[in-house]
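J.: Sharing a sequence plus its predicted fold:
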Amino acid sequence: MAEATLRVFRGDSNNGKTIDYRVPVAPGMVVLDALHYIQGYLAPDLAVRWNCKAGKCGSCSAEVNGRPRLTCKTRMDELPQDQPITVLPMKSFPRIKDLVTDVSWNYRVNRKIPAFAPRSGVEWKISQLDVDRVQEFRKCIECFLCQDVCHVLREHDKKEQFAGPRFFVRIAGLEMHPLDAHNRAGLLKDQLGLGLCNITKCCTEVCPEEIRITDNAIIPLKERVVDEFYDPLTMFFRKIRGR
Amino acid sequence: MTTNYETREHDVLIIGAGGAGLRASLEALAQGASVGVVCKSLLGKAHTVMAEGGIAAAMANVDAADNWKTHFRDTMRGGKFLNNWRMAQLHAQESPDRVRELEQWGALFDRTENGDILQRAFGGHTFKRLCHVGDRTGLEMIRTLQDRGVQQGIDVYMECTVTRLLTDSGRVAGAFAYWRETGRLIVFKAKSIVIATGGIGKAWRITSNSWEYTGDGMALAYEAGAELMDMEFVQFHPTGMVWPPGVQGILVTEAVRGEGGILRNKAGERFMEKYDPKRMELSTRDVVARSIYTEVKEGRGTEHGGAYLDISHKPAEYVKKKLPSMYHQFKELADVDITKGPMEVGPTCHYMMGGIRVDAETTQSTILGLFAAGEAAAGLHGSNRLGGNSLSDLLVFGRRAGLFAAEYAKRASPASIDSVQIEQAEKELLAPFSSTGAESPYAIHRDLQEVMQNLVGIYRTKEDLQRALVELEKLKALAAKAGVEGSRLFNPGWHLSYDLRAMFIVSEAVTHSALARTESRGAHSRIDYPNLDTVWEKKHNIIVRESGAMKRRESPVEELPEELKRILAQD
């Protein structure tokens, strides 16, 4: 059987280095299979998060050969086999151990977002067309790869000012829900730092669910914020009404 | 020995954060209880996320003739009448309201032309009944519940594993757990506990289940003295992936057949004509799984030992719209374009019908203050579950568990925590670190999976089951000495060594029950007893711990009231 070398980060929040492991390669094998092989035969304490192993839960995120990916969907046969395959933890989050990072910040950001609130007296009839538009955002599996790759978080570490693509996707899903009554434009502008995104589209590129994060979620939300706060006519009326 | 743990206190502690656990937590909160939810993974990653096809609820949006009575009848027939009739009735009556509630909390289902929730056909359901979102219904459900829970302020203890229930003179007092990240210990004081930990599929080699499904909740309840019921009924889903090797067992949703998918053997024969000519591909899961198994066994299987499942006769755009994750799953993992050609599929261990014995109305187990809901509880599905009935189960009985656990907590006086139990639990949990055994927990797990796969699978015999019990004993002895490497910091080898303990308990319970039931019913098929048996029709197997050993008893199936008998008799 063919073999490959996995160069895996081993260590904790303070120290660490990559270690090479030789693993047999079976047809159709994915990187997560290789990590499981290492756990099962070579290093039983290798820390890896995973659940469904079918690209549906978003647990097994890591950086494979420098690219943020779900390891359960990364085929070994699409990577060059003549050199070691590097598997590193997501860089934007604090390391815990090996490939496991502390993603709790995401859960804290999520709490700031007002949940769905239906308009009063609404009739629960929705057309499929309206559903289709929102379902794109609801496909998100919270793998946090978009958060990992986003330079506002990755290079500039603006976690206090900026919610990140994942939560713009969530808010887009709420704002475009045909029956939702809330307005989250102020929150986006003042607390979640939507303006910091300069639409480089890195998030869209890494999304395993192929959500068009920048085009379909972030840009429409930016337009909403502009309409609400920077539209000259609205600004004028707001001024004369005193609010 | 130790005071080296943190303590948290809640009225209601919920173990498990899938559909049932989250629904229970929302209900308990609504009752004014203080609620803690403990889960082994991150929030939102539980196996509910993998549920694909839909939620069964007789809403009659597509087939106007549907109603709870038909849903009740389908459920009882699918379970070969071993179901708890009252659970089946409550489930059929309450699930439409539970679905509407989800929608009011923000879930967006696929729609009919009238703008109502769209419903699709599924195996064993007389009418189009499954409310769905393409083939990712579970994700929609868990995200809706999770976001509502976050908004309502549930306390979630993520990546935390409960290893022991603490009791006070026969009632629940709390739970002992450890943080997976740090290995530090935590004790929960609680007036009532809801177990919503899901199934046991990880004890088999070919399974759709993730690492979490090791039967923890059932083992916790069993060790606390609660009764387990119907443990012989393990559902093998007919369609898991069979190729390539790494993806073997991953679920292929029944929605493929619900949307018109056809099963064929290697000769191109539509073999369901032989096994169930009336319902064909939409027969119940037990029947379809055995049919595929038989085709393969008799030499009519595909190249990689499965059957062909074909949906490519439908327009490609339709397939991509209704089965998007199947399309991607096969394209990315198996190099198969399902809009152009067939998938290869075979049975995979999927779901546990048996579990903790509960009261139908309140979901309370045989231990005071201990409740159970969802896959961890027994009763609703009898000997075979219909597709779509699990998501509705989670909602209906999750809500009931939260409601009655909160009510119980309101009345209950504080229980006291016994430090001897805590010391014992700590000693057991940390034992692998001082073990000298060379055996790795991973190696033992692989052997356990082989035993269950080969000897306690779809078809069973007395000889195989007896051999399984002998093998399980040997492996248990090895596991008791298994050692772990490394520290307590996020150490999967150590985590597995505890999970193994739970897997051995449930595997033994399954095997004992399967050996006793000398008939074939639903998901339990005995080659040596191939027919239904009128005596066993009226009995449940009960597993309970007595004087430290596993004992099996029998308990009569509850008689249906006349009114429900009449519903069952209708066609």
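T.: Perfect, I can see it now. What you see is a predicted model; the values in this text were computed from it and never measured. Numbers count the residues shown, from 1 in each chain, chains lettered A, B, ... in the order given.

J.: Now for the closest residue to residue B:274 other than its chain neighbours: which residues touch it?
T.: Of all residues not flanking residue B:274 in the chain, residue B:291 sits nearest, at 7.6 Å (CB to CB, 6 or more residues apart in numbering or on different chains). To be clear about C-beta, it is placed using only N, CA and C from the backbone, and glycine gets the same treatment. By CB atoms under 8 Å, 6 or more residues apart in numbering or on different chains, the contact list for residue B:291 reads B:238, B:263, B:271, B:272, B:274, B:275, B:276, B:283.

J.: Okay, now the unreliable bits of chain A?
T.: For chain A, the stretches flagged by pLDDT under 70 are A:242-243.

J.: Tell me where it has strands.
T.: Using DSSP state E, the strands of chain A run over A:2-11, A:16-25, A:61-64, A:67-70, A:85-88, A:95-97, A:100-101.

J.: does the last one come close to chain B?
T.: Just to be clear, that refers to strand A:100-101. Yes. Part of strand A:100-101 sits near chain B under the criterion CB under 8 Å from any CB of the partner chain, namely residue A:100.

J.: what's next to that strand, contact-wise?
T.: A:47, A:48, A:49, A:89, A:90, A:93, A:94, A:95, B:181, B:490.

J.: How is chain A partitioned into domains?
T.: Structural domains of chain A, as assigned by automatic domain parsing, span the residue ranges A:2-100, A:104-233.

J.: so can I have TSV of the ones you listed showing mean neighbour count and distance to residue B:441?
T.: Shown next, in TSV, are those (neighbours: other CB atoms under 10 Å in any protein chain shown; distance: least, CB to CB, whole Å):
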stretch	mean neighbour count	distance to residue B:441
domain A:2-100	19	7
domain A:104-233	18	28
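
J.: now the ones you listed as CSV including distance to residue B:439?
T.: Converted to CSV, these look like this (distance: least, CB to CB, whole Å):
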stretch, distance to residue B:439
domain A:2-100, 11
domain A:104-233, 35
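
J.: Can stretch B:199-211 be said to contact chain A?
T.: Yes. Contact between stretch B:199-211 and chain A, assessed by CB under 8 Å from any CB, occurs at B:210, B:211.

J.: give the contact list for the closest residue to chain A within chain B.
T.: Nearest to chain A in chain B, going by CB to the nearest CB, is residue B:244, at a distance of 2.4 Å. Listed by CB under 8 Å, 6+ apart, the contact set of residue B:244 reads A:26, A:27, A:28, A:29, B:333, B:334.

J.: Can I get those residues in TSV including distance to residue B:115?
T.: Conversion of these to TSV gives the following (distance: CB to CB, whole Å):
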residue	distance to residue B:115
A:26	48
A:27	47
A:28	42
A:29	45
B:333	36
B:334	37
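
J.: To residue B:120, which of the strands of chain A lies closest?
T.: strand A:67-70 (27.9 Å; CB to CB).

J.: Export only the CA atoms of that closest one, formatted as CSV.
T.: This file holds the C-alpha atoms of strand A:67-70, laid out as CSV (Å, rounded to 0.1, in the frame of the first residue of the first chain):
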residue,chain,number,x,y,z
ARG,A,67,-5.2,26.2,3.5
PRO,A,68,-8.1,26.2,6.0
ARG,A,69,-10.2,23.1,5.2
LEU,A,70,-12.4,20.5,6.7
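
J.: who's in contact with that strand?
T.: Contacts of strand A:67-70 (CB under 8 Å, 6+ apart): A:31, A:55, A:58, A:60-63, A:90, A:143, A:145, A:148-149, A:206, A:208.

J.: Show me how far that strand is from its chain's centre.
T.: Centre-to-centre, strand A:67-70 and its host chain are 11 Å apart (CA atoms, centre = their mean, to the nearest Å).

J.: And stretch B:76-95, by the same measure?
T.: Using CA atoms, centre = their mean, the distance between the centre of stretch B:76-95 and that of its chain works out at 16 Å.

J.: do the same with stretch B:555-562
T.: For stretch B:555-562, the distance to the chain centre is 24 Å (CA atoms, centre = their mean).

J.: same deal with stretch A:102-111?
T.: Per CA atoms, centre = their mean, the displacement of stretch A:102-111 from the mean C-alpha position of its chain is 12 Å.

J.: Many thanks, I have nothing further to ask.
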